[in-house]
Each structure stands twice: as structure tokens, then as C-alpha cells.
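*Asks:* Just the structure for this:
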Amino acid sequence: MKRTPVNPWSWSLKLGYNQGEIIEDAKRQLICAGQTAVDAEGNPQHPDDMRNQLALTLDNLEAVLNASGMELANLTRLVVYTTDVDEALKHFDILGTRLGPVGVAPPMTLLGITRLAIPGLMIEIEATANQ
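*Replies:* The predicted model follows:
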């Protein structure tokens, strides 16, 4: 798979994402349901702790990717939903520490919402991955 970043402006690079990416020669695509900070039984974890919820959400996303034979490096799009945009942004360094080492900065959207499906959860990430 060949990835070509599209960035008519550079400001988003400071936040860790490209404005767009051209994906060529992909063989498989995975569309992930929104992942959250739940355990293996679907129980919410880390109440009132955005940092640990974001970290576990990424762990869960990585588990879905791994189960499909993919990894974080295959991410081509993220949509992040949060009940507190300001608090989420304070902890976005976690995205950088997870995605930076694998060399990806997928196009991303961050949306503030009233609540998620399961009370107590503060962040959810939908993802698309290509291989």
C-alpha cells in the first residue's frame, strides 16, 4: 500500500494528522466500529479519567486491528468522539506516542458530543485501516 499525504496547509501536522491521504494499491480495508474504554466483557473502565480512557480505547482499537492481521500503521482515518473536547485535547499526546513511532498521521476528525452510548465513557474512536 502506498500512502501520499495531502496537506495544502501545515497546521494539522503539528496536531499529528494529515488533511488527507491518497491510498494506492491497498488489498484489504477494515472499517472498525467505535472503540471505547471497556474491558473484555464490555464494562466501562477508568471513570472520570480521560487519559486512561484514551489509552485503553487505543489498546482496544489495536486489538481489533491485530485480530484482522493489521496494526496501527495501517490506520488511514480516525473519527474521535468525546464528551469533553478540551480535556481530550490535553491528552492527545497519547495519540502521538502511539502513532508517531509507526509513522502514521491519518486524517482525523474530533467531535464534541453530549454523551456516548454507555454512561461514564468520555471518548470513542472509529477507524478505517487499509492493507
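
*Asks:* going forward, measure contacts and count neighbours with C-alpha atoms only.
*Replies:* OK.

*Asks:* Check the offset of the worst-scoring helix or strand of the chain on mean pLDDT from the chain's centre.
*Replies:* Least confident element among the helices and strands of the chain, by mean pLDDT, DSSP states H and E: helix 11-14 (a mean of 90). Helix 11-14 has its C-alpha centroid displaced from the chain centroid by 16 Å (C-alpha atoms, centre = their mean, to the nearest Å).

*Asks:* So what touches it?
*Replies:* Contact with helix 11-14 is made by 18-19, 105, as judged by C-alpha atoms under 8 Å, 6 or more residues apart in numbering.

*Asks:* do stretch 119-131 as well
*Replies:* In contact with stretch 119-131 (C-alpha under 8 Å, 6+ apart) are residues 1, 26-37, 44-45, 47-48, 50, 53-54, 57-58, 61, 65, 70, 74-84, 88, 115-116.

*Asks:* quick one: secondary structure of residue 58?
*Replies:* Judged by DSSP: H, G, I helix; E, B strand; the rest coil, the three-state class of residue 58 is helix.

*Asks:* Revised request: answer the last question for residue 31.
*Replies:* strand.

*Asks:* next one: residue 127
*Replies:* At residue 127 the chain is in strand, as set by three-state DSSP.

*Asks:* Just give the number of residues close to it.
*Replies:* Using other C-alpha atoms under 10 Å, residue 127 is surrounded by 20 other residues.

*Asks:* burial measure for residue 107, as a count.
*Replies:* Residues near residue 107, counting by other C-alpha under 10 Å, number 19.

*Asks:* I meant residue 118, not that one.
*Replies:* 12.

*Asks:* show me where the chain has helices.
*Replies:* Counting by DSSP state H, the chain has helices at residues 11-14, 50-67, 85-90, 93-99.
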